[in-house]
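Chemist: Let me see the structure of the following:
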Amino acid sequence: MEDDEFTRWKDETAQKRDQCLAGKLDAEEFLAWVDATSRRR
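Modeler: The predicted model follows:
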């Protein structure tokens, strides 16, 4: 993953985390999204 790709992913992850904390996104959905989009495996 290039630096700019990681930065975009990190920013989107922070937005989704905030949605999760605000109750707008289910924690399981958030974790599934992180797992599906992360290249760390």
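Chemist: before we move on, which element is the spatially most central residue of the chain in?
Modeler: Note on the chain: the residue nearest the mean C-alpha position is Thr13, at 2.9 Å, using C-alpha atoms, centre = their mean. Using DSSP states H and E, Thr13 falls within helix 3-21.
Chemist: which other helices and strands contact that helix?
Modeler: helix 27-37 (3 or more C-beta pairs under 8 Å, 6 or more residues apart in numbering; DSSP states H and E). Using the backbone N, CA and C atoms, a C-beta is placed for each residue, glycine as well.
Chemist: What residues of the helix it packs on count as buried?
Modeler: Within helix 27-37, the residues that count as buried by 16 or more other C-beta atoms under 10 Å are Phe30.
Chemist: So what's the gap between stretch 1-20 and the chain middle?
Modeler: 6 Å (C-alpha atoms, centre = their mean, to the nearest Å).
Chemist: next one: stretch 32-39
Modeler: So, by C-alpha atoms, centre = their mean, the centroid of stretch 32-39 is 7 Å from its chain's centroid.
Chemist: Name the residues that touch it?
Modeler: Met1, Trp9, Thr13, Lys16 (C-beta atoms under 8 Å, 6 or more residues apart in numbering).
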